[in-house]
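Trainee: sequence first, then the predicted structure:
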There are 2 protein chains.
Amino acid sequence: MPLLVVGSVALDSVETPTECREKVLGGSAVFFSYAASYFTPVRLAGVVGDDWPAEHTKLLQSRKIDTTGLQTIPGEKTFFWRGKYLPNMNDRETLEVHLNVLGKVRPTLPEPFRRCPYVFLGNASPEVQLHVLDQLPEPRLVVADTMDLWINVQHDELLRLLSRIDGLVMNDAEAKLLTDDENLVRAGRAILQMGPKFVAIKKGEHGAMFFSQYETYVLPAYPTPQVVDPTGAGDSFAGGMMGYLAEMDGFDPQTLKTAMAYGIVVASFTVEDFSLDRLRTIERAEVEKRLAEYKKMLSF
Amino acid sequence: MPLLVVGSVALDSVETPTECREKVLGGSAVFFSYAASYFTPVRLAGVVGDDWPAEHTKLLQSRKIDTTGLQTIPGEKTFFWRGKYLPNMNDRETLEVHLNVLGKVRPTLPEPFRRCPYVFLGNASPEVQLHVLDQLPEPRLVVADTMDLWINVQHDELLRLLSRIDGLVMNDAEAKLLTDDENLVRAGRAILQMGPKFVAIKKGEHGAMFFSQYETYVLPAYPTPQVVDPTGAGDSFAGGMMGYLAEMDGFDPQTLKTAMAYGIVVASFTVEDFSLDRLRTIERAEVEKRLAEYKKMLSF
């Protein structure tokens, strides 16, 4: 089944303790769509400025990602983020953010995109996410991401969004902030009360937790010795997860758990190099091989 | 098979964000032996002062733990620790430590204890751990714990110990410190090069990692909504793990992984109340029930 993602498309400058990269391909919708493309046809909607290199669009198209929803706004610049990872490679500081075109233009979905049954609302303001949701006549499954900024400054809009979506993906610090509870098990269950049918809490190098009315569980990250750049890991996780759900055209508990595992495995590749550089070297077969190792790792 | 543990026996004062407890039963050998007692006969060796309440010994004996190796030293006081947990309940500060008797008397093992096939050297200086090891003619499996202090001040003795033991249990920060590597996968593999046949790295609320020449894996913690006091979780983990190995009288890869899972499950009970208060309410059946849930949680 086709999968729609609406989210940021960015140029990222990344500093790690050993290396730097300037203005490489990034953004939540980019990592998401590339990760999801191993599983299902993806439609990407977002906005960029006229500094956006055409080769980035070509790379996405080479994975059969439909980029007709990627609008270039003349006279504007692409969203830019500069971040620095601490030596533990799990915590990071944002050094610079220029919203640029992202602060000025809301994504408008091409007509065929609106009938996509599977939808991911990548990190954007809840107000923009609601605006996108209003363009979708009858989605089958809508999952959204959010961040600390929106929890703080658009709390009411976020609650409105939560009452209208099926699933929420967020990181551990954000889940604690949203619920004012330091225990993630309680936090996840409290978020279920806010509306979504399921919640996936990303814990970075420690994996991810899942909550629904049926179950609570945690799956660890795949242990890779080669963590080069964690940027995009969370979006790759969401992309792998949603990609698999769209491929299966289902979201029963067992499918959701397998989807979580796929998300974790795809994210483990993302962190092994900068930008999409590691994902560019792999095909579905490598994903399946690592998933099998991961499954074996968790069996006793 | 009988399991010997030599380690600290303590009185702990614990502050959490919501509650405090004064001078409750604690110490690495206490948590370890109680946790292990669900699986196998345990022999406990350690030293206490004459302030040690007789009821604590009786509690251990009620679990059929052999306390003939617990020496009371007249005129001395029991090891005392006071700690405070931060709101995340994973990080803690040590507010007070009084080594007391622990700094003066080395444990001497009763003759029958020396023929125990399974041995756990709880956290003590490597020099004391080596002293204990020298008293054991032919142990089948020796596993040790250590801590940051010894990595810093008895580095050579620690390396000597590592070349003589089968397994090492330590927490994530200690593994990073010992290897000067922030990536736990690389750190664990580097520690294998120092001698032990396997290494278990405890990650607190994030579970534990395992390393041997055959495999690397990570298992998450059992997600409990009720984290009251994490003190002793790591020692309970080690106790559950070693208890199961001694019960099975084996340590092939599959047995080791199941042992890790038992350790994680027993530790998840420990954190649900202060001291041994939660473990005191459960029997082996509760451990088995939660292990089954844990196994199901990791299956997809």
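Mentor: Sure thing, it's come through. Because the structure is a prediction, the values reported are computed rather than measured.
Trainee: could you use CA atoms for every contact and neighbour count after this?
Mentor: Will do.
Trainee: what helix or strand is residue A:286 on?
Mentor: Here residue A:286, judged by DSSP states H and E, is contained in helix A:284-297.
Trainee: gap between that helix and the chain center?
Mentor: Offset of helix A:284-297 from its chain centre (CA atoms, centre = their mean, to the nearest Å): 21 Å.
Trainee: can you give me the buried ones in that helix?
Mentor: A:287, A:290-291, A:294, A:297 (16 or more other CA atoms under 10 Å in any protein chain shown).
Trainee: widest-spaced pair of these?
Mentor: The widest separation within these, taken as CA to CA, falls between A:287 and A:297 and amounts to 15.1 Å.
Trainee: burial check on residue A:55, number of neighbours?
Mentor: Residues near residue A:55, counting by other CA atoms under 10 Å in any protein chain shown, number 10.
Trainee: mind giving me the packing neighbours of the helix or strand encompassing it?
Mentor: Assigning secondary structure by DSSP H and E places residue A:55 in helix A:54-62. Here helix A:54-62 touches strand A:66-73, going by 3 or more CA pairs under 8 Å, 6 or more residues apart in numbering or on different chains; DSSP states H and E.
Trainee: okay, the angle between the strand it packs on and helix A:54-62?
Mentor: Counting by axes from the mean of the first three to the mean of the last three CA atoms, to 10 degrees, strand A:66-73 lies at 160 degrees to helix A:54-62.
Trainee: and strand A:66-73, what's buried?
Mentor: Buried residues in strand A:66-73, counted by 16+ other CA under 10 Å: A:66-67, A:69-73.
Trainee: could you dump those to TSV with pLDDT and distance to chain B?
Mentor: Below are these laid out as TSV (pLDDT from 0 to 100; distance: CA to the nearest CA, whole Å):
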residue	pLDDT	distance to chain B
A:66	98	31
A:67	98	33
A:69	97	35
A:70	97	36
A:71	96	39
A:72	97	40
A:73	97	42
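Trainee: closest one of the residues you listed to residue B:212?
Mentor: Looking across the buried residues of strand A:66-73 and measuring by CA to CA, the closest to residue B:212 is residue A:66, at 45.3 Å.
Trainee: quick one: contacts for that closest one?
Mentor: Neighbouring residues of residue A:66 by CA atoms under 8 Å, 6 or more residues apart in numbering or on different chains: A:41-44.
Trainee: so of those residues, which ones are in strands?
Mentor: Secondary structure from DSSP state E places A:42-44 of the contacts of residue A:66 in strands.
Trainee: find the residue closest to residue A:148 in space, skipping its chain neighbours.
Mentor: Spatially, and ignoring its direct neighbours in sequence, residue A:148 is nearest to residue A:174 (5.5 Å; CA to CA, 6 or more residues apart in numbering or on different chains).
Trainee: what does the host helix or strand of that neighbour contact?
Mentor: According to DSSP H and E, residue A:174 maps onto helix A:172-179. Defining contact as CA under 8 Å, 6+ apart, one finds that helix A:172-179 is touched by A:147-148, A:151, A:182-184, A:187-188, A:190-191, A:201-203.
Trainee: next one: phi and psi at the residue nearest the centre of chain A?
Mentor: Per CA atoms, centre = their mean, the C-alpha nearest to the average position across chain A is that of residue A:235, at 2.4 Å. Recorded main-chain torsions at residue A:235 are phi -70, psi -30, according to degrees, to the nearest 10.
Trainee: re earlier: most neighbours among the contacts of residue A:66, please name it.
Mentor: Among these, residue A:42 has the most neighbours (other CA under 10 Å), with 32 neighbours.
Trainee: pretty sure that residue contacts residue A:6?
Mentor: No: between residue A:42 and residue A:6 there is no contact under CA atoms under 8 Å: 10.7 Å.
Trainee: who touches the residue lying closest to residue A:57 once chain neighbours are set aside in this structure?
Mentor: Leaving aside its sequence neighbours, residue A:57 sits nearest to residue A:67 (CA to CA, 6+ apart; 7.2 Å). By CA under 8 Å, 6+ apart, the residues touching residue A:67 are A:43-45, A:57, A:60-61.
Trainee: can you tell me which of those residues is nearest chain B?
Mentor: Of all the contacts of residue A:67, chain B sits closest to residue A:43, with 28.2 Å by CA to the nearest CA.
Trainee: I'd say that closest one and residue A:114 touch.
Mentor: No: Residue A:43 lies out of contact with residue A:114 (CA under 8 Å); the separation is 10.1 Å.
Trainee: tell me the pLDDT of residue A:107.
Mentor: As predicted, residue A:107 sits at a pLDDT of 86.
Trainee: now do the same contact list for it.
Mentor: By CA under 8 Å, 6+ apart, the residues touching residue A:107 are A:6, A:45-47, A:71, A:132.
Trainee: one more time with 7 Å
Mentor: A:45-47 (CA atoms under 7 Å, 6 or more residues apart in numbering or on different chains).
Trainee: pLDDT on the helix or strand where residue A:131 lies, on average?
Mentor: Using DSSP H and E, the element containing residue A:131 is helix A:126-133. Over the span of helix A:126-133, the pLDDT mean works out to 96.
Trainee: restricting to C-alpha, output that helix in CSV.
Mentor: This file holds the C-alpha atoms of helix A:126-133, laid out as CSV (Å, rounded to 0.1, in the frame of the first residue of the first chain):
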residue,chain,number,x,y,z
PRO,A,126,0.8,20.3,15.4
GLU,A,127,-1.0,23.2,13.7
VAL,A,128,0.7,22.3,10.4
GLN,A,129,0.1,18.6,11.0
LEU,A,130,-3.6,19.2,11.5
HIS,A,131,-3.6,21.3,8.3
VAL,A,132,-2.2,18.3,6.5
LEU,A,133,-4.6,15.9,8.2
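Trainee: mind listing what's buried along that helix?
Mentor: For helix A:126-133, a neighbour-count test (16+ other CA under 10 Å) marks A:126-130, A:132-133 as buried.
Trainee: need these in a markdown table (columns: distance to residue A:168).
Mentor: Shown next, in a markdown table, are these (distance: CA to CA, whole Å):
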| residue | distance to residue A:168 |
| --- | --- |
| A:126 | 12 |
| A:127 | 16 |
| A:128 | 16 |
| A:129 | 12 |
| A:130 | 14 |
| A:132 | 16 |
| A:133 | 14 |
